[in-house]
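J.: Below are the sequence and a predicted model; questions follow.
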Amino acid sequence: MSKITAAITGIAGYLPEKVMTNKDFEKIIDTTDEWITTRTGIKERRILEGKPTSEIGYHAVKRLLDKKGIDPLEIDLVICGTVTPDHTFPSTANIICDKVGMKNAWSFDINAACSGFIYSLATASQFIETGKYKKVIVVGADKMSSIIDYQDRTTCVIFGDGGGAVLLEPNTDGLGVIDAVLHSDGSGKQYLHQPAGGSALPASHETVAKRQHYVYQEGKAVFKFAVTNMADVSAKIMERNNLKSEDIDWLVPHQANLRIIDATANRMGLPKEKVMINIQKYGNTTAGTLPLCLWDWENQLKKGDNIVLSAFGGGFTWGAIYLKWAYNS
Ligand code: UT7
């Protein structure tokens, strides 16, 4: 019997309607549209008001199932990459299953910050490859506005809310996820973390007063690690799979900073036309960036396209996935 691989057979995304532009930031912090654009590539981002992260997942999965004409009861497993879960427990994946009516699925979250989608996709693929699972959904969604300090100008301008979902199904024609290279380094915590709200520092009047429930990021340090590691891991996955620049149809990079994306693409020897970039519209939606790119570009993807997904994020976590696209739109 031919080897079973996990192929993406459908995708959908969700973005909240509210748009926050760089000009809007000029009204609340000491910044300029020019600084944000030149340092990050971001022009605007979306903000989800009054609803939790599961709402992003719910809309994305509902759109995906409607588009594919699939009954929610057919789904076996749902994995959600997020660092902004609705609650510490139950998992956001669990809540999405309830909202959508995926009553036969079991579900869990993966906490890997900006690498959340890559980690979740790699994990989900293993279940498909066993032959036991036929329909698995991977969600990458974050409501970063719920943990961002809008008084911290170095951090608040880069993040936004949104996400997407993909359907994974077994494939025996060599399409789908071919390889994954994944890494983590917990010593990176010092540069990027959420200080309070977990068991290390439970919520108290003091933690709230000290603004410790917001993302703490040393941008410059994170930038250096991100540039090196995202480029290295992308080069590594090319080397491991004997891929030359000309063999790659698309790079799907995490959208944290245009300068990090450019460095990764240069290291891989890829021209701009092969790189998915939508950071100017949505900013950094953490686990949401990669499915949102695939969703935006879905109509341009062709069966058999060689695609490399690459990400770096808090933890530190980073990795790359090489997959062959499985359908024409
Ligand atoms: O996706 C998860 C992983 N996260 C990342 O990948 C983020 C990686 N880091 C970055 O993308 C960049 O470090 C930032 C965009 C966060 C910051 O850009 P930077 O070029 O590293 O700026 P910086 O922090 O070194 O600050 C340079 C200057 C400073 O002023 P002085 O000290 O040179 O006078 C900052 O105070 O820019 C100032 N600055 C700002 N000025 C206007 C910082 N933020 C702003 C701002 N508007 N929003």
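T.: Yes, it's here.

J.: Which residues of the stretch 201-329 of the chain lie near the ligand?
T.: Residues of the stretch 201-329 of the chain lying near the ligand by Cβ under 6 Å from any ligand atom: G219, K220, V222, F223, A226, A256, N257, I260, N284, G313, G314. (Glycine included, C-beta is placed from N, CA and C.)

J.: Am I right that the third one sits in a strand?
T.: No. With the criterion set as DSSP: H, G, I helix; E, B strand; the rest coil, the secondary structure at V222 is helix rather than a strand.

J.: and T130, what does it touch?
T.: Going by Cβ atoms under 8 Å, 6 or more residues apart in numbering, T130 touches I4.

J.: Okay, it and the ligand: tell me how far apart.
T.: T130 sits 32 Å away from the ligand, going by Cβ to the nearest ligand atom, to the nearest Å.

J.: what does I147 give?
T.: 12 Å.

J.: ok now the strand or helix carrying R39, how far from the chain's centre?
T.: Element membership for R39 (DSSP states H and E) is helix 33-40. Centre-to-centre, helix 33-40 and its host chain are 22 Å apart (Cα atoms, centre = their mean, to the nearest Å).

J.: residues in contact with whichever residue of the stretch 1-150 of the chain sits closest to the ligand?
T.: Closest residue of the stretch 1-150 of the chain to the ligand, Cβ to the nearest ligand atom: T31 (3.3 Å). Applying Cβ under 8 Å, 6+ apart to T31 gives the contacts N22, F25, R153, V157.

J.: Kindly recompute the last result at 7 Å.
T.: Residues near T31 by Cβ atoms under 7 Å, 6 or more residues apart in numbering: F25, R153, V157.

J.: I11 now?
T.: The contact partners of I11, by Cβ under 7 Å, 6+ apart, come to L64, G164, V166, P291, L294, W295, E298.

J.: got the contact list for P291?
T.: I11, G13, F117, G140, G163, G164, A165, V166.

J.: top of these by neighbour count?
T.: For those, counting by other Cβ atoms under 10 Å, the largest number of neighbours falls to F117: 39 neighbours.

J.: Next step: the contacts of I11 restricted to strands.
T.: Those of these mapping onto strands are G164, V166, per DSSP state E.

J.: leaving aside the residues next to it on the chain, what's closest to the residue of the stretch 201-329 of the chain at minimum distance from the ligand?
T.: As assessed by Cβ to the nearest ligand atom, the ligand sits closest to G219 within the stretch 201-329 of the chain, at 2.9 Å. Nearest non-adjacent residue to G219, counting by Cβ to Cβ, 6 or more residues apart in numbering: T154, 5.1 Å away.

J.: same question, S115
T.: Among residues not flanking S115 along the chain, T317 sits closest, at 3.9 Å (Cβ to Cβ, 6+ apart).

J.: same question, E218
T.: Distances taken as Cβ to Cβ, 6+ apart put Y191 closest to E218, at 4.5 Å, once the chain neighbours are dropped.

J.: repeat for E49
T.: E49's closest residue in space is K18 (Cβ to Cβ, 6+ apart), at 5.9 Å.

J.: tally of neighbours for the one you found?
T.: Counted with other Cβ under 10 Å, K18 comes out at 12.
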